[in-house]
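>>> Sequence and predicted structure, then a few things I'm wondering about:
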Amino acid sequence: MTTPVMPPEKPAAEFQPFVPAHEKPPEFTLRALLLGCFFGLVFGAVSVYVGLRAGLTVAASIPIAVLSISILRVLGRSSILENNIVQTTGNAGQSIAAGVIFTLPALVFLGFDLEYARIFMLALIGGWLGVLFMIPLRRELIVQEHGVLPFPEGTACADVLIAGEKGGGLAGRVFLGLGLGSLYTLFQNSNLFRAWPEQPEYRPDFGTQHILKGASINADATSEYLGVGYIIGARVAGILFAGGVLSWLVIMPLIYFFGKEINHPIYPGLVPIAQMGPGDLWSTYIKPMGAGAVAAAGLITLIKTLPTIWSALNAGLKTMRPGTATAQAAPIRTDNDLSMRVVILGSLVVVALMFVFLEFRPVPGAFVGWAANLAAALLVVIFGFLFVTVSSRIVGIVGSSASPVSGMTIATLMATAAIFLVQGWTAPAFGALAITIGGVVCIAASNSGDTSQDLKTGYIVGSTPRLQQIALMIGVVVSTVVIGFTLNLMNTGLQEFDAAAQPWNLNAPHPGVTIQSDTHHLPNEFRVQSADGKTFTTRHKSEFILLNAIGSTELQDGKYLYAPSSGKIEVHWIQGIGSAAAPAPQARLMATVINGILSRKLPWGLVLIGVALVIAVELLGIRSLPFAVGAYLPIGTTLPIFVGGLVRGLVDLAARRAGHGEDAESEISPGSLYASGLIAAGGIVGLFGVGLKAYEATVGKGDVLNFPHGLPFALLDSNYVAVLAFAALAYSLYYFARRPLKK
């Protein structure tokens, strides 16, 4: 996300908030909490949807603030502090969702089911840790370093709230993006009308030498990707797309060129390269390479921030000592935090909750005893405090979007996996236990970053810190309700059952392949898609035995249905999370790291190629993390994001030529507000489509909406129409980004 250009701030001693400490306008009201909880549910679900698909999330505080200003103004007698409580409560959903989707979907990749109770409890514990540990750090980071740490998103959100208090047309631009984006998504989304192809594609194959065969140029042309690209800016979007170009237009054609004459599979592939399409090449060879690249980039980013980490730890420990500036007998309203007693007791409660959960709801197959569970609970709090301190200071400098949370999580997972390896705990269940520990730490670090941004907003506008901290705790509880539900909804709503015909001797040993007795997540009836994708056959789960493959040399990782009647694997059950529609790149990376360390089996050649690629990019002076993520993600994701970034670049160029460059780069520019509406529209309507497909699968019905596809509607079923429709949406973004907001 582009950091707004800000004038030098006053030191803390001279700073005066927008609402002075002696004034007490309405703040912690019931309607503010209810509205904030509603936004927490909505934006938590949207963040899960967008994050699983795009591999990143964007801050929700600004669109929530804009919508709150509009709604409370209609209700009457609103105050800026009330609006701040709304965005504080609602923003918890986005930050918790970000931490969850980066880690917990790895349970699917490790062969475990997404249990709602497990997701809820881990998200709750991590979210509370993030808030609790930020309480003693607030004065050090927000107040005493007011002129040093800019906290870009928090400052921008304060600008929005102050502008809303003074009046303006901010909300109208968000609603405009929401309306047009929803209309576009309704017709574009394959789970809804699908009036035109959802993902137009072109596969190059030139001449008798089959030049560029194996490559693919495609775009998942959604409104949310367009909006994400606009908000992160032309440079970051360009770096993301550059990684995609390298993977899909350089490396994949090279793999096909050198491998097409080899008539046997090349590890980790299971079929000869000549029989692979672009999607097969990506999932087999690019994913491990991309995982190595993302891991290396995350660790490099973490190493670069070691001086900041050391400084943050020192400053955090100083604020915990008695007798410092944190101890005040009667603090003024704008400096009134929850007490250290709350922090200490809350931390003890978190340790107890984590211990009880691990002891009485362990990962199946990972029984380690009460002492190890207590040690794991303490480890969560220790790592949590370390990285909360680190994350909150880093986001004060570079913003939440650039915080290396994934690198911190990888460090936690590597340390945990190393301990497990020494103990001999190498079964897949212990990988799930490591993800459990790392997931809580990741959620805590993610939430602490956004918590610090919210507290910065409150400091500028003159909120009461204690009330904000209570609102954050409430927001954590409410948002966790919807996050686990959304994860499971996407996992089932986007799942596919593809026909297969692989002979299989169930009685022979197959390392890495196990029979899964728990089949309650498998629908009783499901439609199996033929190899050509044109016909479907209804099958019943009673016909099959469920197989789970992890690290097998015979099957790709995933779930398969074996039919005893034929002695073959007849169905490949592709779950929604991990599919091309929801690749969840960070979670895939976490699973790769854990599984690789514990099983000592990784395609190290491909992983190290990704590492070398990141080193080369770093030597060029380019930010390697977005490049590595782009190299991992499907080009169908990075291309529409790049289009959004390109629109942002054109808008900024036009604004600079007109002498309004600073306004164009602001977080509250017309384009950023419109793009926020596009993201919300794609997420909300897209989730509705996923829910509709889940309903159809549950009741065994076909296309409920039944959009007509005969003439003349069949004329819309063309890649050219899809490209033109997306181009029209992109032009609307450019047009409304250039139109000034009403004063």
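Perfect, thanks for sending it.

>>> and the helix or strand containing residue 492, average pLDDT?
Under the criterion of DSSP states H and E, residue 492 resides in helix 465-493. For helix 465-493, the mean per-residue pLDDT is 92.

>>> for stretch 160-174, same thing?
74.

>>> Then stretch 515-528?
85.

>>> can you check stretch 414-424 too?
On average, stretch 414-424 scores 81.

>>> what does stretch 580-597 give?
Averaging the model's pLDDT scores along stretch 580-597 yields 79.

>>> If you count contacts, what does the helix or strand hosting residue 381 end up packed against?
Using DSSP H and E, residue 381 falls within helix 370-398. Applying 3 or more C-beta pairs under 8 Å, 6 or more residues apart in numbering; DSSP states H and E, one finds that helix 370-398 contacts helix 116-134, helix 306-320, helix 340-360, helix 405-423, helix 428-461. To be clear about C-beta, it is placed using only N, CA and C from the backbone, and glycine gets the same treatment.

>>> So which of these is nearest residue 487?
For those, proximity to residue 487 was assessed by C-beta to C-beta; helix 116-134 is nearest, at 6.2 Å.

>>> Let me know which of the helices and strands packed on helix 370-398 is tucked in deepest.
helix 428-461 (a mean of 29; mean count of other C-beta atoms under 10 Å).

>>> can I get the helices and strands packed on helix 370-398 in CSV with distance to residue 50?
Output for these, formatted as CSV (distance: least, C-beta to C-beta, whole Å):
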stretch, distance to residue 50
helix 116-134, 17
helix 306-320, 28
helix 340-360, 29
helix 405-423, 16
helix 428-461, 15
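
>>> weakest of these in terms of mean pLDDT?
Going by mean pLDDT, the lowest-scoring of those is helix 306-320, which has a mean of 60.

>>> any weak-confidence spans in the stretch 151-300 of the chain?
Scanning the stretch 151-300 of the chain for pLDDT under 70 picks out 152, 166-171.

>>> quick check: mean pLDDT across stretch 736-743?
The model assigns stretch 736-743 a mean pLDDT of 84.

>>> export it as CSV, just CAs?
Extracted as CSV, the C-alpha positions of stretch 736-743 are listed here (Å, rounded to 0.1, in the frame of the first residue of the first chain):
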residue,chain,number,x,y,z
PHE,A,736,-13.9,8.0,-11.0
ALA,A,737,-10.4,8.3,-9.7
ARG,A,738,-9.9,11.4,-11.8
ARG,A,739,-13.2,13.0,-10.7
PRO,A,740,-12.8,15.0,-7.5
LEU,A,741,-14.8,14.3,-4.4
LYS,A,742,-17.7,16.6,-3.5
LYS,A,743,-16.7,19.1,-0.8
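
>>> Would you indicate which residues of that stretch are buried?
Neighbour counts over stretch 736-743 (16 or more other C-beta atoms under 10 Å) mark 736-737, 741 as buried.

>>> now those residues in a markdown table, with distance to residue 567 and secondary structure?
Below are the buried residues of stretch 736-743 laid out as a markdown table (distance: C-beta to C-beta, whole Å; DSSP: H, G, I helix; E, B strand; the rest coil):
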| residue | distance to residue 567 | secondary structure |
| --- | --- | --- |
| 736 | 60 | helix |
| 737 | 60 | helix |
| 741 | 67 | coil |
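
>>> Correct me if wrong: residue 187 contacts residue 196.
Yes: assessed by C-beta atoms under 8 Å, residue 187 is found in contact with residue 196 at 7.2 Å.

>>> on that earlier part again, so for residue 70, which of the helices and strands packed on helix 370-398 sits nearest?
Here helix 428-461 is closest among the helices and strands packed on helix 370-398 (C-beta to C-beta), at 17.4 Å.

>>> tilt between that closest one and helix 465-493?
140 degrees (axes from the mean of the first three to the mean of the last three C-alpha atoms, to 10 degrees).

>>> Run the chain-centre distance for helix 428-461.
Distance of helix 428-461 from the chain centroid (C-alpha atoms, centre = their mean, to the nearest Å) equals 12 Å.

>>> same thing with stretch 172-184?
22 Å.

>>> I'd like to check what contacts that stretch. Which residues are they?
With C-beta atoms under 8 Å, 6 or more residues apart in numbering as the test, stretch 172-184 has contacts from 63, 66-67, 70, 223-224, 227, 670, 673-682, 684-685, 725, 729, 732-733, 736, 741-742.

>>> One more pass at 7 Å, please.
With contact meaning C-beta atoms under 7 Å, 6 or more residues apart in numbering, stretch 172-184 is reached by 63, 66-67, 223, 670, 673-678, 680-682, 685, 729, 732, 736, 741.

>>> Over to stretch 554-573?
The contact list for stretch 554-573 (C-beta under 7 Å, 6+ apart) reads 109, 270, 497-504, 506, 510, 513, 528, 539, 543-550, 574-575.

>>> and if we set it to 8 Å?
Contacts of stretch 554-573 (C-beta under 8 Å, 6+ apart): 109, 111, 270, 283-284, 495-506, 510, 512-513, 516, 522, 528, 539, 541, 543-551, 574-575, 578.
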